[in-house]
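Novice: sequence first, predicted model second:
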Amino acid sequence: MSDAIPLSNLKIGTKAIVAKLETKDEGIIRHLMAMGVIQGVDISLESKFPSYVVSVGKSRAALDKETASIIYVTQD
């Protein structure tokens, strides 16, 4: 497995695995966990504009750049 990078650095259409959430803000962590964004889950980036759209499991979510930047992922 490669080093973790921010989700915002992925190319569109890329699949990855959530490695960690790089924030101390419990509100953001709870919000992401409610969307299913937790360590070890598969995630894919569908678009970057006008917002970051990700697929997590059978769900899709839109994130702002700041939030996408705290989600660190790894690729095989």
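Specialist: Arrived safely, thanks for sending.
Novice: following the biggest helix by length in the chain, which helix or strand comes up?
Specialist: Across the chain, the helix with the greatest residue count (assigned by DSSP state H) is helix 26-34. As assigned by DSSP states H and E, the chain's next helix or strand after helix 26-34 is strand 42-47.
Novice: sorry, back to before: residues making contact with the longest helix of the chain?
Specialist: By Cβ atoms under 8 Å, 6 or more residues apart in numbering, the list of residues contacting helix 26-34 from outside reads 21, 23, 38, 67, 70-71. Using the backbone N, CA and C atoms, a C-beta is placed for each residue, glycine as well.
Novice: so which of the residues you listed is surrounded by the most neighbours?
Specialist: The residue in those with the most neighbours, by other Cβ atoms under 10 Å, is residue 71 (26 neighbours).
Novice: what's the closest residue to that residue other than its chain neighbours in contact with, if anything?
Specialist: Among residues not flanking residue 71 along the chain, residue 7 sits closest, at 4.1 Å (Cβ to Cβ, 6 or more residues apart in numbering). Contact analysis of residue 7 by Cβ under 8 Å, 6+ apart lists 16, 43, 45, 52, 54, 63, 68-69, 71-73.
Novice: show me these that map onto helices.
Specialist: 68-69.
Novice: buried subset of the contacts of residue 7, written for PyMOL?
Specialist: Buried residues within these, by 16 or more other Cβ atoms under 10 Å, are selected in PyMOL with:
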select buried, resi 16+43+45+52+54+63+68+69+71+72+73
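Novice: got any ranges where the chain has weak pLDDT?
Specialist: Scanning the chain for pLDDT under 70 picks out the ranges 1-2.
Novice: go again using 80 as the cut-off
Specialist: Scanning the chain with the threshold set as pLDDT under 80 gives 1-2, 76.
Novice: and residue 37, how far from residue 8?
Specialist: Residue 37 sits 13 Å away from residue 8, going by Cβ to Cβ, to the nearest Å.
Novice: let me redo that: residue 64
Specialist: With Cβ to Cβ as the criterion, residue 64 and residue 8 are 10 Å apart.
Novice: tell me which of the two has more neighbours.
Specialist: residue 8 (18 against 11).
Novice: show me the contacts for that one.
Specialist: Residue 8 makes contact with 48, 52, 65, 68-69, according to Cβ under 8 Å, 6+ apart.
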